[in-house]
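Visitor: Model the structure of this input:
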Amino acid sequence: MEKCIQNLRSQSPLIHCLTNYVTANDCANLLLACGASPIMGDAEEEVEEITQLSDGLLLNMGTPKNRTLPVMLKAGKRANELGHPVVFDPVGVGVSAFRRNIANGLMNGVHFQVIRGNLSEIKFLAGLCASFKGVDAGQEERLTSDKIEDLLPFLQSFAENRQAVIVVSGEVDLVCDGGKAYAIRAGHPLMAKVTGTGCMLSALITAYVTANSSHSLLATVAAVCAMGLAGEKAALRMSNQEGSNSFRCYLIDAISQMTPKDFALESETERLLSRIRI
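Guide: Take a look at the predicted model:
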């Protein structure tokens, strides 16, 4: 994983983000912090040009509008033509028919290297029943360690079918393709108190995968580990007088200060993730 962050720092890829207005600023700053460069153009008149200039593409449907589907389809198809990695974050896909139609259109029209969501979102995309609380997973569908063994065959089948890396975020993060899977245990509860940490993770994944496009699974694992480590480092800096906004700033600071040494210790890597075999 050390090589993944080295490649990201040395290449400084330009990431085109079609993301939601709630988290656009944080995603842009996090991309700068990790060593990438962001561009956030979402006008239909320019989206294909910007996609062509960029190295990777993030599609996040957190605040959809009438133009969201045609704009994202244009960007996604152009990225596919160019061979650029595309990451999909189907925020709140199950909460309205409008979002479902956008997600279905994108899943049918664009090939994604990585699809990241909570368990409810991933289950919905795979055609299973899922429960939602706003844009979050229903309480009974939060990913925990005791659910991994039962869920993994379904998730790997979905990954194989889509020829994509699947990331399920939760108490434990699960990253898999059709052949390998990793459980990642990192982060801090304060991450759930800052809106957009999932969106920021999707942006970080896009940067890592773009800089390591021939190793999408490993790059995705590295990004998820980096975000979890950043959450832990941010929490350690907190004083009793500070709250969630300070944590948010420290989180981005931790991403900016992360180096390959953070992944170099074998004992630390073993603490963060485990290879799963079913």
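Visitor: So what sits opposite residue 166 in the bridge?
Guide: Using DSSP bridges, the bridge partners assigned to residue 166 are residue 115, residue 176.
Visitor: Kindly report the same for residue 58.
Guide: Bridge pairing for residue 58 - DSSP bridges - gives residue 17, residue 87.
Visitor: residues near it, how many?
Guide: Other residues within reach of residue 58, judged by other Cβ atoms under 10 Å, total 31. All C-beta spots, glycine's among them, are computed from the backbone N, C-alpha and C.
Visitor: Repeat that for residue 67.
Guide: For residue 67, using other Cβ under 10 Å, the count is 12.
Visitor: That one reaches residue 44, doesn't it?
Guide: Yes: taking contacts as Cβ atoms under 8 Å, residue 67 lies within contact range of residue 44: 6.0 Å.
Visitor: what ranges do the strands span in the stretch 51-200 of the chain?
Guide: 56-60, 86-89, 114-118, 132-133, 136-137, 165-169, 173-176, 181-184 (DSSP state E, counting those that start in this stretch).
Visitor: What are the buried residues along the last one?
Guide: Under the neighbour-count criterion of 16 or more other Cβ atoms under 10 Å, strand 181-184 has 181-184 buried.
Visitor: Ignoring the adjacent residues along the chain, who's closest to the one residue sitting closest to the centre of the chain?
Guide: By Cα atoms, centre = their mean, the chain has its centre lying nearest to residue 202, at 2.3 Å. Leaving out its chain neighbours, the residue that sits closest to residue 202 by Cβ to Cβ, 6 or more residues apart in numbering is residue 89, at 4.1 Å.
Visitor: Settle this for me: residue 227 is touching residue 187, isn't it.
Guide: Yes: Residue 227 lies in contact with residue 187 (Cβ under 8 Å); the separation is 7.2 Å.
Visitor: Looking at these two, which one has more neighbours?
Guide: The residue with more neighbours, out of residue 227 and residue 187, is residue 227; 30 against 25, by other Cβ under 10 Å.
Visitor: With adjacent residues omitted, what lies nearest to the more buried one?
Guide: Looking at residue 227 with Cβ to Cβ, 6+ apart, the closest residue is residue 201, at 4.8 Å.
Visitor: Number of residues surrounding the one you found?
Guide: If we define neighbours as other Cβ under 10 Å, then residue 201 has 26 of them.
Visitor: tell me the contacts of it?
Guide: With contact set as Cβ atoms under 8 Å, 6 or more residues apart in numbering, residue 201 has these partners: 116, 169, 223-224, 227.
Visitor: Understood, closing this out.
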